[in-house]
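>>> please find the sequence and the predicted model below.
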Amino acid sequence: MTATLEQRLDAFRRLDDVKMTFARRDWFPGTSGNLSIKIADTPLQFAVTASGKDKTKLSPEDYLIVDQDSRPVDATALKPSAETLIHAVVYKKFAQAGACFHVHTVWNNLISELYFGHRAFSIQGQELIKGLGIWEENARITIPIVENYADIPTLAIAIEKVITPEVPGVLIRNHGIYAWGGNDFEAKRHLEAFEFLFEYHARWLQLRQAAVSTTPN
Ligand SMILES: CSCCC(=O)C(=O)COP(=O)(O)O
Ligand SMILES: [Zn+2]
């Protein structure tokens, strides 16, 4: 069923909230990043950020609604995010996904490059893994890492192949992360948990190295 005007406006308001929260954390350097919230399932429709905008600002032209083919539903001069296809892949693969957020941070870029050789980053025994909705004792999570293909359809296919329902995120090498959840609250929690785990791990490697090099023989 097609979304109502009220549902569209609600999605735009929610995107405003999450966008400004992430902007305060400097998670949108250089106009990077894109955000979406699903508003209808059959056929798929979602609200997505317009391409190339400064995501630290609010304007009446920040979002538009796209369909299952990532095309604008209404006549508009706005262009959907260049990476809209990736959001569409997430919604098509996981029917339960209701929001999908993408940010470029230094920590997610460092982890994506450091572990690209393994095509994945794993971490275990961290409390914040519960932020991903995984509550088992001493859980280990693995987030896939894909090459940063310039061709977005190629990138979207690569992502489609590696994402799993167990871990709600994917890293793109030296680019950023996509994280999703059942709704905007959950997708935000997942993204925050991933970013904490990346920063923790990168800092821990640095401190460990510093401790090793300053320990007397
Ligand atoms: C300067 S960021 C390069 C494009 C990108 O990776 C991104 O996340 C933003 O693209 P959009 O089209 O969504 O503005
Ligand atoms: Zn990006």
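Nice, I can see it. This structure is a prediction, so every number in the text was calculated from the model and none was measured. Numbers count the residues shown, from 1 in each chain. Ligands and ions are numbered 1, 2, ... in the order given.

>>> against ligand 1, how distant is the nearest residue to Gly52 once chain neighbours are set aside?
Nearest residue to Gly52, sequence neighbours excluded (Cβ to Cβ, 6 or more residues apart in numbering): Thr31, at 5.8 Å. C-beta: built from backbone N, CA, C; applies to glycine. Distance of Thr31 to ligand 1, given as Cβ to the nearest ligand atom, to the nearest Å: 5 Å.

>>> for Thr31, give me its contacts.
Applying Cβ atoms under 8 Å, 6 or more residues apart in numbering, we find Thr31 in contact with Gly52, Lys53, Asp54, Lys55.

>>> and ligand 1, which of those residues reach it?
Gly52 (Cβ under 6 Å from any ligand atom).

>>> from the contacts of Thr31, which ones fall inside helices?
Assigned to helices by DSSP state H, none of these qualify.

>>> output the contacts of Thr31 in JSON lines; the columns should cover pLDDT and neighbour count.
Output for the contacts of Thr31, formatted as JSON lines (pLDDT from 0 to 100; neighbours: other Cβ atoms under 10 Å):
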{"residue": "Gly52", "pLDDT": "98", "neighbour count": "11"}
{"residue": "Lys53", "pLDDT": "98", "neighbour count": "20"}
{"residue": "Asp54", "pLDDT": "98", "neighbour count": "12"}
{"residue": "Lys55", "pLDDT": "98", "neighbour count": "24"}
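
>>> relative to Leu197, which of the contacts of Thr31 is nearest.
Set against Leu197, the nearest of those by Cβ to Cβ is Lys55 (23.2 Å).
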